[in-house]
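Undergrad: Dropping the sequence and predicted coords here.
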Amino acid sequence: MEELLETFQLEHVEATLHPIFCSEDSAIRLMVMDSVRCCVATRELNANELEVVASHNLGVRQAKIAIDAFALIVNKENPDTLITMDEVRGLVSGKITRWEQMPRSGLTGEVKLVFDDSGSSTVRYMRDSLCNGQELKGNLYAQGSNPAVIETVKSDPTVIGVVGTNWLKGDRDSAMNSFEGLDVKVLKVSRENTEDAIGWKPYQYRILTGDYPLIRSVYVMTTDPRVRSNVKTLFFFMKGQKGQTIICNSSQMLPNLPVQNKSVNIN
């Protein structure tokens with residue numbers, strides 16, 4: 001987001017940007033209550049929220065700008081390399097609370113799942129997509145931010161961290177093509193729950209093919225009623241080619257534009 005806004009500001013020097021980085025709940029609430037008129041979130045507005053926006057005599061434009069992936073990370077001392085979706089559901093529903101309950105695990109004792117914020121899109125995804133809308137249970141702990149999750153995982157071998165994959169990118173100028181060399185280990189995630197289950201890491205290619213299961217859509221929304229404004233220009237910039245290129249090259253998000261998939265043989 002910082003790179004998107006910086007590039008937009010360079011092209012539109014007349015625009016003054018005041019970004020607010022906050023949880024998804026807070027971001028959507030600010031827009032619905034007309035405190036801001038542009039928002040990036042991982043869901044579209046629901047019927048009740050659209051009704052509140054309409055009561056302010058405003059409409060909403062919403063556009064999908066990316067597909068984002070979650071990464072499940074563990075301490076480098078953790079011998080585990082793979083986790084199944086059934087095990088992830090067990091962790092967030094309270095059915096799995098110990099490492100011994102996961103057959104492939106080489107650890108014993110209590111297992112803890114840590115995430116960023118109780119009002120974040122990560123929590124909403126786990127509740128809606130993994131728990132059928134039910135409240136989360138088990139050994140779940142909010143750390144306040146994605147960097148705090150990474151630091152917790154680095155210091156505690158008993159936890160599994162949930163972070164947006166692009167938070168692992170650091171200062172790299174392009175999307176990651178390897179998760180080696182990190183201070184944490186990225187787990188493979190499998191849809192299967194068999195003995196010979198095959199898992200995948202959240203590379204852009206595995207997002208494209210649908211092999212990696214922990215993905216979500218990202219939307220930009222605006223309630224600005226003006227036909228021409230800096231807010232509207234920012235909206236179209238994010239969904240346009242230049243904004244999409246930044247999203248593709250600078251994070252693990254996959255842009256919502258035609259993508260070429262080529263097989264290459266190197267002799």
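TA: Great, that's in hand.
Undergrad: pLDDT below threshold where in the protein?
TA: 170-175, 250-252, 256-259 (pLDDT under 70).
Undergrad: Domain map for it?
TA: Residue ranges for each domain of the chain read 2-66+225-255, 68-215, as given by automatic domain parsing.
Undergrad: Buried residues, stretch 207-222. List them.
TA: For stretch 207-222, the neighbour count (16 or more other Cβ atoms under 10 Å) marks 207, 211, 212, 213, 214, 215, 216, 218, 219, 220, 221, 222 as buried. For every residue, glycine as well, the C-beta is placed using N, CA and C.
Undergrad: circling back: make CSV from the domains of the chain and add distance to residue 266 to it.
TA: Formatted as CSV, those follow (distance: least, Cβ to Cβ, whole Å):
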stretch, distance to residue 266
domain 2-66+225-255, 23
domain 68-215, 14
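Undergrad: nearest to residue 262, of the ones you listed?
TA: domain 68-215 (10.5 Å; Cβ to Cβ).
Undergrad: quick one: which of the buried residues of stretch 207-222 sit in strands?
TA: 215, 216, 218, 219, 220, 221, 222 (DSSP state E).
Undergrad: wait, which of the domains of the chain is closest to residue 267?
TA: domain 68-215 (20.3 Å).
Undergrad: starting at the chain centroid, how far to the closest one?
TA: Relative to its chain's centre, domain 68-215 lies at 11 Å (Cα atoms, centre = their mean, to the nearest Å).
Undergrad: closest to residue 265 among the buried residues of stretch 207-222?
TA: Nearest member of the buried residues of stretch 207-222 to residue 265, counting by Cβ to Cβ, is residue 211, at 20.9 Å.
Undergrad: returning to that earlier point: looking at the domains of the chain, which is nearest to residue 263?
TA: Of the domains of the chain, the one closest to residue 263 (Cβ to Cβ) turns out to be domain 68-215, at 11.0 Å.
Undergrad: my guess is residue 224 contacts residue 236, does it?
TA: No - using Cβ atoms under 8 Å, residue 224 makes no contact with residue 236, being 11.4 Å away.
Undergrad: need the strands for this protein, in chain order.
TA: Under DSSP E, the chain gives strands at 38-41, 61-74, 82-84, 112-115, 140-142, 159-164, 185-186, 188-190, 215-222, 254-255.
Undergrad: What helices and strands are in contact with the fourth one?
TA: On a contact count with 3 or more Cβ pairs under 8 Å, 6 or more residues apart in numbering; DSSP states H and E, strand 112-115 meets strand 140-142, helix 146-155, strand 159-164.
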